[in-house]
Structure formats: structure tokens, C-alpha cells
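[1] sequence first, then the predicted structure:
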Amino acid sequence: MTAFAAILPRRTACQPTGISDVSAALAAVYGTCCETTAVDGCVLLSAPINSHESGSVFADNAAGMAAAGQVVLEDRRALAAMLQLPADADSLRVAAAAYARWGDAWTDRLAGEFALALWDAGRRTLVCSRDGLGVRPLFVATGTDVIVVSNMLSAARAHPSVPQDPDDRALAVFLATGAMPEGRTAYRAIVPFPAGHTLTIGQEREPALRRHWWFPPTDLPPLRDPGAVLEGYRSVLQQAVQDRLSPRTAILMSAGVDSTTLAAAAKKVAPDTALLAVTADYQRAAAASELPRARVAAEALGIPIVAVPGDAHPPLAHLTIGRPTPQPLDEPALADWRALISAAADHSPVALYGEDGDSLFLPPAWQALRRATPLLGLCLEISRFAVETRRMPYVGLRLRERFGLTPRPALPSPPSWLSATARQLLDADDRPQVLGREATPLPPHFTRPAVQERLSGGVAAYLSGILTPEVTGHRLELRCPLLDSRVIRFVMNVAPIPWCQRKQLPRQAYAGLLPASILSAPKRGVAGLDDVLARDWQRRRKGPADVAASEMLNELIVAEEWRRDLDSSDVRTIGKAWRVLELDRWWASVQGAPAVRGRRV
């Protein structure tokens, strides 16, 4: 687990520059020393998560090759054996050996959570790659005759040759939606590396971008036998968990099915591992708190549990305490998320995170069901499910909508306070590119298109943003076993009725290991908390809010209309208006300016 970067001059006659600037940015992420490795024209830099660890640059001087990255491979031992490496070879070394063996096809053999850069001096080529769902972030910055690749946005922009101009369209999209648009960051010169792709950058040659990962297909007859389905799911989930464990491991655990089954799987495969459950306790919405049930699950598994207040800070508290975010982030409760991460980091440098079972087990709609199952068989499955559960399964027919009796939900409208300039920026239609190359989109999945869309779209963008230590501010690597390719492939091949109805598969797979009160409980949110926090923020605010007198912000919003929304009675309207304050704080941190007036939280 490493903060890393690669600096590559575009011309062979040039020497790498800006090494000390990028090194300082990487060292600041974890507060550890940064290791620098120069191999014939390219420089790789690496700062480990703990000061007692050595930097994780792998160098093979005889082969003229070096690699750096944040890499957790699935089934690493089997791949190491295939490459004739020791069983305990780390994931980065295994990945480098895969390149030495298979060349440009190396990433076709890799699966897991990774972002990495490899320099091949013989070919004078930098090869970069990112995992299929984009769980690990990776950025490409283009400067004057230099390319910087890093998993930390702050390091990518630290190079003195990389322009610092903000991307006005990206910022307008952030204000409208709360997220950066696909293929963009807050900086024009820095773009996110597309998930599931490998980029080959040759000095004085055109770069090549290739998709190496495709969403796991439905390539087997639907698994229906209960015994085979339940045992198979336990097997793949436990493999996924085992590949992501460390000798001490924290688990971010709510009372839901996703995180508790991860805890049960970890206890099953590694009973001697020092596990710790870390749970958020929402005290302002006590009726919705999951702590009592999370304690029941932890006690049943014999795992100690630590409760962390999930609403101790006012919303937007992170704007005045803690490190600024590397780019605008729509997370009003970020200070509480950081407190949760801090408690987990006190126990271990690794934590398991239960994202995203809701998307993984999303039941398919009618057309996708019909593609997977003949009509007669599908009718029998629906009838059997209805008899056994006394309710109808979700089949996505939406009859009222099809006959025009109920209008389809409208897409969220942009805030009324966006300026005409911002609205024009929203209408721009340009495809994201990396060094002039477009990513290859995934074709619609044959039987689970909605699952693919959610896992490879918004979920991946959320995870790669919220998991980075630049955002959390703590020495902790979050890992996501439910996004393991073996788990996804298995779930894509089970009969969706009954196994993907209300997460019947994980509920039944861990019956007996987890209390029935956990496995039978419906999913709950933190009811009423957003309203409580919004009203508290309005009471605390003193005087009219203001924004920095920067040309960039004044061009994107209509200030008077925005201020009115801050006093709205609607929680969602207030939340949208908070994005301006989040953008303003980021811009002030970029400019090195003091905090603006009126931002009291």
C-alpha cells in the first residue's frame, strides 16, 4: 500500500525534472520518506504507508525494468507459482514478473485492486494499468515535455511543469451533480486513468490505450441447486476476503448483510487474524442507529467492536479542520468519515469495506431475465418464489409506466443558482481522452446490464474518491471483497430468482454463522439524520454566507439565488447549495488563500 508516481520526459534527450516536488507531495500523504528509483530516463517514486516499511519500487536492473504501484492481486499465490516465484512474493513483484513473461498481454492475467506503473528501459516505454472497476485511483498529468502518472492527485499536480488551470466544465458539473464528470478532474492538465485499461507510453512515440478487462460474463447455465449455490458463494467470498486480509485487519461494519457476511467470512478463513469491527454510532438519530445490532453480530462472531460517533461533527466541518481535499468533494459528513477511518487505522493499516452489495445483488428487470431464462422456466421460478415467500419477486415490468399511467422519474435538475455560463459548460459534449486516446466502453452486459452499469459507473467513481488517503487523511487502505472478480462472476451466473431477491444469496449462505436477527432484517438508512444536520447547520450559521471573490466562482453561480437556497426548508436543496462552499474551500486551498467569510459550521 503505497503512494507512488512515475515521471517520464517525452523526449529521450531530456532528463526527468521536478523530482523533489513530486517526492515531497508523496511523502506528505502518509508522512513517510519517499524512495526514488531512476532507470535510464524514467523516475519512479514511492512512499509507503508506514515509516518502518521500505518503499515498494520493484527494480530488476539486469532486465532494465522497474515498477511501482498500489497492488492487491486476486489469487496471488497461484499466479506466483505459475511464474516460478516464492509463494510469499508480494503483488507488485508478481505483476512485474507477469510483464516479463507475457509482455503487452500481462494485464490480461491480473485481477484485483491495483494501480501501477512499470518502466521498460529496453523498449523505453512506460506501461500503466488500473484495475477493472477502478477501485484504485490513478491519474495522468501532462506537462511541458513531461508526463506524470500517480495514484495521488496532489502528486500529479505537484510537478512544476504541470499547468494548474482549473477545468471550468468539471467544476460546473460538480456544482450541478456533486461529482466530477467522467474522464475529468478539477484540473485541465490532469485526467483520471480509465478503469480496466492499460496505457503504453513510448518516448517520442504515440501512446496506445487498450482495454484489458471486461465485465465477468454470464457464461454458464444458471446455477439453481441450493446446495451448490450456497457453498459456491461461500467459497468465492472467502477466497476474496482471504486475499485482502493482513495479520491485523479492521472491518467497517454496520448491521447490514454486506459487512457482517464479510466479517463472518474473515472469521472462517482466518480465525487467528486479529479482527476488529468498527461501527458508526448515529446519536442524533438514535432510532436509526445500527450499533445495537452490529454488536449482536460482532458478539456472535467473537470479534471485538469499537463504536465511533457518526454524527459528532457538524456538516462541512472538514472545510475548517483537517487537510483540504485534493479536488472538490460532495461529502458534508467527511469529518465523521475521517473519524471512523482513524479508529480503524489505529488497529491496522488494512480494513475491509462492504461496498457494494446493493449493486452486486441488484435483481434484473424483465428483458434481462428473459435473455437468461426461457419463458416457461421463468414463469415456474416466479411461481415457486411466490408460493415459498408469499410475495412476488421483482421482475421490472413497470406496467403503469409502460401504459403511461405513471410518469418516469425525471433526472435531477441542476440548481437554480447555476449561472448561464455554467449551464453552457454543462451542455458541452466532448468525450474524455487520455493523451489523445479514448477509452473503450464496456458493451451492455447480456443478462445483468444494470449491475454492470452501477458497479463500473458511479460506485467505482465513489470508491476511488472516498478511499484514497488524500481524502481520509489516515494511514489505512480500504479493500473491497465484494468487488472481487470471482465473486462478481459467480453472482452473474446464479439464477436471479430467488438468489438476487433481497440478497437471498448472502442471507442464506451465512445462516447459522450470523444471528437470524441480522440476516432477516431489511435494509435501513439513517432516517432523519440529514434533516437534523441541515437544521443544525442553519442555526449555527451567522450572517449571510459569502463566497470568495474569485472570477471562477462568480462566473459559475448567481450568488443571491444561492444564498436563498441555503435557507431553504428542503434538505436536498441545502445539500446542493453546500457544494459551492466545498468548491470555494478547495479553490482557497489551491490558491493558498485564507478561508472566506461566512463559512461557519
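    The structure has been received and is ready for your questions.

[2] domain parsing for this structure?
    2-211, 226-360+452-519, 529-591 (automatic domain parsing).

[3] could I get those as TSV with distance to R370?
    No exception for glycine: its C-beta is placed from N, CA and C like everyone else's. Output for these, formatted as TSV (distance: least, CB to CB, whole Å):
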stretch	distance to R370
domain 2-211	27
domain 226-360+452-519	12
domain 529-591	36
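
[4] of all these, which one is nearest M392?
    Closest approach to M392 among these (CB to CB): domain 226-360+452-519, 9.7 Å.

[5] the closest one: end-to-end distance?
    17 Å (CA to CA, to the nearest Å).

[6] how distant is it from the center of its chain?
    Chain-centre distance of domain 226-360+452-519: 13 Å, with CA atoms, centre = their mean, to the nearest Å.

[7] repeat that for stretch 512-520.
    28 Å.

[8] and P443, which of the three is it?
    At P443 the chain is in coil, as set by DSSP: H, G, I helix; E, B strand; the rest coil.

[9] okay, now the unreliable bits of the stretch 451-600 of the chain?
    Across the stretch 451-600 of the chain, the ranges flagged by pLDDT under 70 are 524-527, 542-550, 593-600.

[10] where do the strands sit along it?
    Secondary structure of the stretch 451-600 of the chain by DSSP state E, counting those that start in this stretch: the strands cover 477-479.

[11] SS state for I251?
    I251 ends up strand, using three-state DSSP.

[12] what about it, how many residues nearby?
    Residues lying near I251 (other CB atoms under 10 Å) number 28.

[13] cool, P304 as well?
    P304: 12 neighbours (other CB under 10 Å).

[14] I'd assumed A298 was in contact with it.
    Yes - between P304 and A298 there is a contact at 7.1 Å, judged by CB atoms under 8 Å.

[15] could you tell me which residues touch both of these two?
    A277 (CB atoms under 8 Å, 6 or more residues apart in numbering).

[16] circling back to that earlier point, quick check: which of the domains of the chain is nearest to Q424?
    domain 2-211 (8.5 Å).

[17] any idea how far apart the tips of that closest one sit?
    End-to-end distance of domain 2-211 (CA to CA): 24 Å.

[18] kindly report the same for stretch 99-106.
    Distance across stretch 99-106, first residue to last, is 5 Å (CA to CA).

[19] same question, stretch 285-303
    26 Å.

[20] got a list of contacts for it?
    So stretch 285-303 is contacted by 251, 253-256, 260, 263-264, 267, 275-277, 279-283, 304-305, 307, 311, 513-515, 517-518, 521, 524-529, 532 (CB under 8 Å, 6+ apart).

[21] so which residues of the stretch 51-200 of the chain form strands?
    58-60, 65-73, 112-120, 125-130, 139-143, 146-150, 190-192, 197-202.

[22] CSV for these, including mean neighbour count?
    Shown next, in CSV, are these (neighbours: other CB atoms under 10 Å):
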stretch, mean neighbour count
strand 58-60, 19
strand 65-73, 25
strand 112-120, 27
strand 125-130, 24
strand 139-143, 23
strand 146-150, 26
strand 190-192, 23
strand 197-202, 22
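
[23] and those strands, which one's lowest on average pLDDT?
    Per-stretch mean pLDDT for these is lowest at strand 58-60 (a mean of 88).

[24] on that earlier part again, nearest to D168, out of the strands of the stretch 51-200 of the chain?
    strand 190-192 (14.4 Å).

[25] for that closest one, name the packing helices and strands.
    Identification of packing neighbours for strand 190-192 by 3 or more CB pairs under 8 Å, 6 or more residues apart in numbering; DSSP states H and E yields strand 139-143.

[26] what's the angle from the strand it packs on to strand 112-120?
    With axes from the mean of the first three to the mean of the last three CA atoms, to 10 degrees defining the directions, strand 139-143 sits at 30 degrees from strand 112-120.

[27] note down every partner strand of strand 139-143 and its orientation.
    Looking at strand 139-143 with DSSP bridges, its partner strands are strand 146-150 (antiparallel), strand 190-192 (antiparallel).

[28] reformat these as CSV; add distance to W586.
    Listed next are those as CSV, based on distance: least, CB to CB, whole Å:
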stretch, distance to W586
strand 146-150, 19
strand 190-192, 14
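
[29] P469: which of the ones you listed is closest?
    strand 146-150 (12.8 Å).

[30] name the residues that touch the closest one?
    So strand 146-150 is contacted by 3-10, 14, 16-18, 22, 26, 117, 126, 128, 138-141, 155-156, 159, 161-162, 193, 201, 435 (CB under 8 Å, 6+ apart).

[31] buried ones among those residues?
    3-10, 16-18, 22, 26, 117, 126, 128, 138-141, 155-156, 159, 161-162, 193, 201 (16 or more other CB atoms under 10 Å).

[32] that older thread, quick one: closest of the strands of the stretch 51-200 of the chain to P166.
    strand 190-192 (10.6 Å).

[33] hmm, who's touching that closest one?
    134, 137-142, 153, 156-157, 162, 183-185, 432-434, 464.

[34] after the helix or strand that contains A345, which helix or strand is next?
    Using DSSP states H and E, A345 falls within helix 334-347. Following helix 334-347 in sequence order, the next helix or strand is strand 350-352 (DSSP H and E).

[35] ok, and what's touching the following helix or strand past that next one?
    For strand 350-352, the following helix or strand on the C-terminal side (DSSP H and E) is helix 357-360. By CB under 8 Å, 6+ apart, the surrounding residues in contact with helix 357-360 are 256-258, 451, 454-455, 459, 482-483, 487-488, 491, 503, 506, 523.

[36] and if we set it to 6 Å?
    By CB atoms under 6 Å, 6 or more residues apart in numbering, the list of residues contacting helix 357-360 from outside reads D258, R454, L455, V459, L482, V491.

[37] same list (these) but as CSV, adding distance to V149 and neighbour count.
    Putting the contacts of helix 357-360 into CSV (distance: CB to CB, whole Å; neighbours: other CB atoms under 10 Å) gives the following:
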residue, distance to V149, neighbour count
D258, 33, 21
R454, 28, 17
L455, 25, 25
V459, 24, 21
L482, 28, 26
V491, 33, 27
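
[38] ok, so of the residues you listed, who is nearest D90?
    L482 (23.6 Å).

[39] number of nearby residues for P226?
    P226: 11 surrounding residues under other CB under 10 Å.

[40] that one and G232, how far apart?
    From P226 across to G232, the span is 11 Å (CB to CB, to the nearest Å).

[41] what about S254, which helix or strand?
    Per DSSP H and E, there is no helix or strand for S254.

[42] leaving out sequence neighbours, find the closest residue to it.
    Excluding the flanking residues, the one nearest S254 by CB to CB, 6 or more residues apart in numbering is E290, at 5.0 Å.

[43] burial of the nearest residue to K576 once chain neighbours are set aside, as a residue count?
    Counting by CB to CB, 6+ apart, K576 lies nearest to P415, which is 4.8 Å off, once chain neighbours are set aside. Residues contacting P415 under the criterion other CB under 10 Å number 20.
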